[in-house]
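# sequence unknown, structure follows:
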């Protein structure tokens, strides 16, 4: 098998196909500190793409509560268990990827979920990591008792396990934007992709007897718009755009800025080896660095410090990228921050939006003489 | 759904054997053994003759007496370790094959012992039983046995248990696997009475949500014209549905055995397909998938590459 470079692991690894990065790679950053698990993204996706018969259990987008939540049940624990010990030597992964840990005769390690594993999409919701006692946990920061929300979609990986696993190459990665799709005509429902995807983001349609997955709303992306899950995000936690490999990162590209320049956004379970393209700003209130390192890799402490620094007002550029989140339905390709404002531009350089780094406080007079009424100032 | 061997049936067998008396039972068992051995056939030694019969081939009848005109041969199955992912042990040690032709159609009867009849592939972890016959020119290279090669395409017939069930009992919809499912989410798809009439259950405006069907995937179409699909292969991973479908067949599971007929016209109805002629020889491979063992795709038990002699008229 060919050797390919996985920059998230800081080393080469084996993969079925040669390294073939797309012309540009669609990706996103989710800020876990702002997610409130309102599931608006989940329902936006559900009503758009998976409202058909046979798709009842499918959530191409879901939000689960970590550490206990998972959909399908215990997907992460099961794959981590199969993978065996995972250690990092600095920023270089010293363990095996899901491809390297494969037994003879298989492309990867993995497991095929059963239908019962999908029975509880909100399993573990809002459950904290530990049993509460008389202590005042909320008085300490980071908290000893914690949970955080993890919104998940297909990672449109650079080295997709689903793509590698398909014996028929019915799964393909689009060269123009890196979106990973299942050819609905070539798929024969073998479910090797379901078994392979360590994130369990491929689903089997009970009626069509073939597999389906997140399409990253490609019809919208092709026209320069955000995906459904991104543009409906109530908490404005999502930065959508195109992510470059580290050596081609552009400082004025919002996603590149978060991932490569400030390194505040990290991949989900990078040790799997698929080089996922959905990144996460780790939660700053979680006391267990060991847990966060397991989930987001070795850059967690640095990312949290960088984020805190921005929240304290010391990094207007980082703050600028984050306030641009979901401020427009259009994909922001370039940004700049000047004079207390963050500006977002499309791929032609046209200004799409400008957002103040700090919303002004406006106090209205209690009496409105034009209507001759008294008002309550409620915000 | 997995239909396992019923304990009631096992008990009945024990009772019958017991009632017949020890001596009679021993004789009966020996007779059954002989019958089974005869039915299993002799070692094919890499070669099968398709016998000419004057009647039309029994393309829909695995129990037809016409099959007795063909000598059964025992075809050993092998592991599949040519293309990832592997099946390291065959699901079954062997299958019995007979073949007849009537000068315009050729038919194969594949028989194998399988305690589990796996008809459904509705649930995520549910796989179907299936079998296939791969045909090609007599001088095909050794690599041909794995779905043909880039230069020598394989003409393939594949029978599937779920397709057979869809045909015999109507489309096996979601409610078969999840009988208590309740849905009011997609009003264009009302809960239809059984047996399901596709036009009632899936009116045209509702089909847009059934993507595989709308896209034209033959596995997603609720109405199957035949339980046998015709395909072409140019090597592992290249299997492709053919435009003109004229293969026929019928599979029956009874008493722990599958008996499956796969038949097709002599004439090739698609470009690149191997046409059959009486009096000529071809390459042939038989393959079986065990659904309850998780077989699908390359997780299968093929025979070795053999020779098919189509008897002269």
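Happy to help now that I have it. Quantities reported herein were computed from a predicted structural model and do not represent experimental measurements.

# tell me the SS of residue A:353?
Of the three states, residue A:353 takes strand under DSSP: H, G, I helix; E, B strand; the rest coil.

# Quick one: distance of the host helix or strand of residue B:107 to the chain centre.
For residue B:107, the host element (DSSP states H and E) is strand B:105-113. Centre-to-centre, strand B:105-113 and its host chain are 8 Å apart (C-alpha atoms, centre = their mean, to the nearest Å).

# residue contacts, residue B:231?
Residues in contact with residue B:231 (C-beta atoms under 8 Å, 6 or more residues apart in numbering or on different chains) are B:156, B:157, B:158, B:239, B:240, B:241, B:242. (Each C-beta comes from the backbone N, C-alpha and C, glycine too.)

# Identify the farthest-apart pair in those residues.
Maximum pairwise distance among the contacts of residue B:231 (C-beta to C-beta): 13.8 Å, between B:157 and B:240.

# Which one's more surrounded, these two?
residue B:157 (22 against 14; other C-beta atoms under 10 Å in any protein chain shown).

# Look up how far chain B lies from the closest residue to residue A:155 other than its chain neighbours.
Once flanking residues are discounted, residue A:155 sits nearest to residue A:276: 3.3 Å by C-beta to C-beta, 6 or more residues apart in numbering or on different chains. Distance, residue A:276 to chain B, by C-beta to the nearest C-beta, to the nearest Å: 23 Å.

# Go ahead and confirm residue A:276 touches residue A:270.
Yes - the criterion here is C-beta atoms under 8 Å, and residue A:276 meets it with residue A:270 at 7.4 Å.

# Spell out which residues are contacts of both of the two.
residue A:8.

# Which residues of the stretch 151-300 of chain A lie near chain B?
Contacts of the stretch 151-300 of chain A with chain B, taken as C-beta under 8 Å from any C-beta of the partner chain, map to A:165, A:167-169, A:184-185, A:187-192, A:194, A:204-210, A:212.

# which residues touch residue A:318?
A:257, A:258, A:262, A:264, A:306, A:307, A:309, A:310.

# re earlier: I'd like the list of the residues of the stretch 151-300 of chain A next to chain B that fall within strands, please.
Mapping those onto strands (DSSP state E) picks out A:204, A:212.

# So which helix or strand of chain B has the lowest pLDDT on average?
When the helices and strands of chain B are scored by mean pLDDT, DSSP states H and E, helix B:7-19 comes last with a mean of 35.

# Quick check on the residues of the stretch 151-300 of chain A next to chain B: which are buried?
Listed as buried from those are A:165, A:167-168, A:184-185, A:187-192, A:194, A:204-210, A:212; burial here means 16 or more other C-beta atoms under 10 Å in any protein chain shown.

# Just these: which are in helices?
When those are checked against helices (DSSP state H), the matches are A:165, A:192, A:194.

# so where's the chain uncertain?
By default, I'm working from chain A. Within chain A, the segments meeting pLDDT under 70 span A:377-379.

# you looked at the wrong chain, it should be chain B
B:1-38, B:183-197, B:200-201.

# Without its sequence neighbours, what residue ends up closest to residue A:19?
For residue A:19, the spatially nearest residue (C-beta to C-beta, 6+ apart) is residue A:4, at 4.1 Å.

# partners of whichever strand or helix holds the one you found in the sheet?
Using DSSP H and E, residue A:4 falls within strand A:3-6. Next to strand A:3-6 in the sheet, as set by DSSP bridges, lie strand A:11-14 (antiparallel).

# how near is residue A:310 to residue A:321?
Distance of residue A:310 to residue A:321, computed by C-beta to C-beta, to the nearest Å: 9 Å.

# Between these two, which has more neighbouring residues?
Using other C-beta under 10 Å as the criterion, residue A:310 and residue A:321 rank with residue A:321 on top: 29 against 19.

# Could you check how far the helix or strand hosting that one is from the centre of its chain?
In the assignment (DSSP H and E), residue A:321 maps to helix A:316-323. Centroid separation for helix A:316-323 versus its chain: 19 Å, with C-alpha atoms, centre = their mean.

# following it, which helix or strand comes up?
Sequence-wise, the next helix or strand downstream of helix A:316-323 (DSSP H and E) is strand A:334-338.

# how about that following strand: buried residues?
A:334, A:335, A:337.

# Who's the closest spatial neighbour of whichever residue of the stretch 151-300 of chain A sits closest to chain B, skipping the chain neighbours?
Chain B sits closest to residue A:208 of the stretch 151-300 of chain A, with a gap of 3.2 Å, by C-beta to the nearest C-beta. Leaving out its chain neighbours, the residue that sits closest to residue A:208 by C-beta to C-beta, 6+ apart is residue B:212, at 3.2 Å.

# Equivalent analysis for residue A:325, please.
Distances taken as C-beta to C-beta, 6+ apart put residue A:236 closest to residue A:325, at 4.4 Å, once the chain neighbours are dropped.

# would you say residue B:205 is within a helix?
Yes - with three-state DSSP as the criterion, residue B:205 is part of a helix.

# Give me every residue in chain B lying close to chain A.
Within reach of chain A by C-beta under 8 Å from any C-beta, chain B has these residues: B:81, B:83-86, B:88, B:121-125, B:162, B:173-174, B:177-178, B:181, B:183, B:185-186, B:189, B:206, B:209-213, B:215-217, B:219-220, B:236-239, B:294, B:296-298.

# Mind checking which of those residues are buried?
Taking 16+ other C-beta under 10 Å as the criterion, what is buried in those is B:84-86, B:121-125, B:162, B:173-174, B:177-178, B:186, B:189, B:206, B:209-213, B:217, B:219-220, B:236-239, B:294, B:296-298.

# ok, and what's touching the strand holding residue A:4?
A:11-15, A:17-19, A:97, A:158-159, A:273, A:275.

# Report the contact partners of the residue nearest in space to the middle of chain A.
Nearest to the mean C-alpha position of chain A, by C-alpha atoms, centre = their mean, lies residue A:278 at 3.6 Å. Contact analysis of residue A:278 by C-beta under 8 Å, 6+ apart lists A:27, A:28, A:29, A:30, A:152, A:153, A:154, A:155, A:156, A:267, A:268.

# Who is it paired with across the strands?
For residue A:278, the beta-bridge partners under DSSP bridges are residue A:28.

# separation between it and residue A:240?
For residue A:278 relative to residue A:240 (C-beta to C-beta), the value is 10 Å.

# Give me the common contacts of these two.
A:27, A:28.

# what residues are up against residue B:218?
For residue B:218, the contact set (C-beta under 8 Å, 6+ apart) comprises B:229, B:241.

# Give me the number of neighbouring residues for residue B:172.
Neighbour count for residue B:172, taken as other C-beta under 10 Å: 22.

# mind listing what's buried in the longest helix along chain A?
Using DSSP H to define each element, chain A has its longest helix at helix A:300-311. By 16+ other C-beta under 10 Å, the buried positions in helix A:300-311 come out as A:300, A:303, A:304, A:306, A:307, A:310.

# and the fifth one, how far is that from chain B?
Using C-beta to the nearest C-beta, residue A:307 is found at 38 Å from chain B.

# Next, count neighbours for the closest residue to that residue other than its chain neighbours.
Closest residue to residue A:307 apart from its sequence neighbours, by C-beta to C-beta, 6+ apart: residue A:264 at 5.3 Å. When neighbours are defined as other C-beta under 10 Å, residue A:264 has 27 of them.
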